[in-house]
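Asker: The following comprises the amino acid sequence and a computationally predicted model.
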Amino acid sequence: MLKSRVFYSSALVLYFVLISCSASTGSRYENENNQNNISKHQSTNQKDTEQLNEDFDITPYKTKITIADKKTTNSVSDEIWFTYKQNSTETKKKTIVGSSDGFRVLVLITDNLDEANQVRSEIYFNNKSEEVYIDFEPPFYKVKMGDFDTERSANELRFKLNQQGYLEAKVIKDKINKFE
């Protein structure tokens, strides 16, 4: 029994000696990493204090911007459409003589008569033109505008309508009215 106690106690002493003498690689690298982290933290603190200590004042360089209030109207100004001539007063005095082949601007195709009438009235009041037609070709209502001999003049009107928000407007060949 004494031999076994001596054996166990010597084994225990040997075990503690071996554990205490060995070097742990994890602790060695952890110390280096901790020192690096500490130095990085100190350098960032120094940078932060440098940024906080700036004494630049931007207030003399600020520009005060004032924007005048614009009053907008819902009607479209005729001044911006320099290429399209308004002849609504001329068409009131003229009478329809006949018809011929020509060009019109197709603004809308719909199966709803109320929608077609609404678009017709909007175009009529925005462009001050009486040459706005609704044709019924079953099952659709087509809102068309203008009586043009040349495709170029119809394209000018199409451009104007595109600018007013009628992006689907396009020039088509159609029978047009001839005025006296």
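Answerer: Yep, it's here. Numbering: from 1, shown residues only.
Asker: Give me the sheet partners of whichever helix or strand Ile172 is part of and which way each runs.
Answerer: Assigned by DSSP states H and E, Ile172 falls within strand 170-179. Sheet pairing of strand 170-179 (DSSP bridges) gives strand 96-110 (antiparallel).
Asker: could you point out which element follows the strand it pairs with?
Answerer: Per DSSP H and E, the first helix or strand lying C-terminal to strand 96-110 is helix 113-127.
Asker: what's the average pLDDT for that following helix?
Answerer: The pLDDT scores in helix 113-127 average 91.
Asker: what comes into contact with stretch 166-179?
Answerer: If you take C-beta atoms under 8 Å, 6 or more residues apart in numbering as the criterion, stretch 166-179 is touched by 91, 94-108, 119, 123, 131, 144, 146-149, 151, 154-155, 158, 161-162. Bear in mind the C-beta positions are built from the backbone N, C-alpha and C, glycine included.
Asker: Report the buried residues of that stretch.
Answerer: The neighbour-count check on stretch 166-179 (16 or more other C-beta atoms under 10 Å) flags Tyr166, Ala169, Val171, Asp174, Ile176, Asn177 as buried.
Asker: Could you report the pLDDT at the fourth one?
Answerer: The model reports Asp174 with a pLDDT of 93.
Asker: who's it bridged to?
Answerer: Gly102.
Asker: Where does the prediction get shaky in the protein?
Answerer: Scanning the chain for pLDDT under 70 picks out 21-54, 71-93.
Asker: Could you pull out the helices in it for me?
Answerer: With DSSP state H as the criterion, the chain has helices at 2-21, 25-52, 88-93, 113-127, 151-163.
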